[in-house]
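S.K.: Model the structure of this input:
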Amino acid sequence: MKKNILGSAMILLVSISIVAISWKAAELPRPQQQAVQNIASDSLYNSYILNIYQATHLDSAGLNEEVFEKALTGFINMKYAGLLHNKSILTIADFDQESRKKRLYIIDLNQKKILLNTWVAHGQNSGGDKPTNFSNRISSNQSSIGFYLTGEIYYGKHGRSLKLDGMDSGFNNNARERAIVVHGADYVCQETIDQLGRLGRSQGCPAVSSKVANQVINTIADRTVLFINNSESQYSSSFLNETLAASVAMNEQEVLAAQVD
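M.R.: Below is the predicted model of the structure:
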């Protein structure tokens, strides 16, 4: 009951804000009207992102809000493009963090819940504990940043594994040819961290602990989003279109609000 009341109150406040902004914008010349509307859309979208971020407790799990914003924007745009199956799973490998930290986050956006927070390895030529070098080149043995779409499960030299399709041209689109996949590895564990001060490294794959590999693969398989982040890299993506993502997200919120009414 309280949730319904709070939800209705939030919808009412947002509606009042939109009406007030629209009324003020109507008095302005068209370019200024558009600027006001963009500010309003950005503000609502930022509130939308912050709500999910806080409800999911990603802050206490160590994920930066700006990284989550990029990942969620890509998720929304990929969903809008019809690339995803009907799942609300978003996976983030945050390579701003050191390998000894649990920097892989599997999130259920509908439930606003972290399904798994665990270790993930980077490529051996990307750096030591914290990766600094990334490549899309074949045989580079470096990680590739950007948005991926998870593919099919198969059995290879690492056992049960999950194929990935890189969605960002020039950054990770050679993933299939490079055999960049999600797989389990014995070097992804606390014992390796204790011995080396970091995780073991892959040939570019986002490898996870053998103990949780099946759980990871089962959860994210079949056309869900994996975002490998590094904020210091010169990275761009068509899926980081925040204007489109904000429009899609706000439209979805309006539909949900109408269904509640």
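S.K.: how deep is Gly170 tucked in, by neighbour count?
M.R.: For Gly170, the neighbour count with other CB atoms under 10 Å is 13. (C-beta placed from N, C-alpha, C; glycine too.)
S.K.: for the one helix or strand Ala249 maps to, packing partners?
M.R.: According to DSSP states H and E, Ala249 maps onto helix 242-260. Packing partners of helix 242-260 (3 or more CB pairs under 8 Å, 6 or more residues apart in numbering; DSSP states H and E): helix 2-26, helix 30-55, helix 65-80.
S.K.: Which residue lies nearest the spatial centre of the chain?
M.R.: Ala71 (3.0 Å; CA atoms, centre = their mean).
S.K.: contacting residues for that residue?
M.R.: Ala71 sits next to Leu90, Ile92, Val225, Phe227, Asn229 when contact means CB atoms under 8 Å, 6 or more residues apart in numbering.
S.K.: Is it possible to mark the buried ones in the residues you listed?
M.R.: Buried members of the contacts of Ala71, scored by 16 or more other CB atoms under 10 Å, are Leu90, Ile92, Val225, Phe227, Asn229.
S.K.: Now intersect these with the strands, please.
M.R.: Secondary structure from DSSP state E places Leu90, Ile92, Val225, Phe227, Asn229 of the buried ones among the contacts of Ala71 in strands.
S.K.: Using TSV, please lay out these together with pLDDT and distance to Asn77.
M.R.: Compiled in TSV, those are given as follows (pLDDT from 0 to 100; distance: CB to CB, whole Å):
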residue	pLDDT	distance to Asn77
Leu90	98	12
Ile92	99	15
Val225	98	10
Phe227	98	12
Asn229	98	16
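S.K.: Format the residues you listed as CSV; extra columns: distance to Val248.
M.R.: Formatted as CSV, those follow (distance: CB to CB, whole Å):
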residue, distance to Val248
Leu90, 15
Ile92, 20
Val225, 14
Phe227, 17
Asn229, 21
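S.K.: which one of the residues you listed is nearest Lys79?
M.R.: For those, the closest approach to Lys79 (CB to CB) belongs to Val225, at 8.2 Å.
S.K.: quick one: the closest one from Leu84, how far?
M.R.: Distance from Val225 to Leu84, counting by CB to CB, to the nearest Å: 7 Å.
S.K.: Residues that sit against both of those two, list them.
M.R.: Common neighbours of Val225 and Leu84 (CB under 8 Å, 6+ apart) are Phe75, Met78, Leu149.
S.K.: By neighbour count, which of those residues wins?
M.R.: Among the shared contacts of Val225 and Leu84, the one with the most neighbours (other CB under 10 Å) is Phe75, at 25 neighbours.
S.K.: Fine, thanks again, bye for now.
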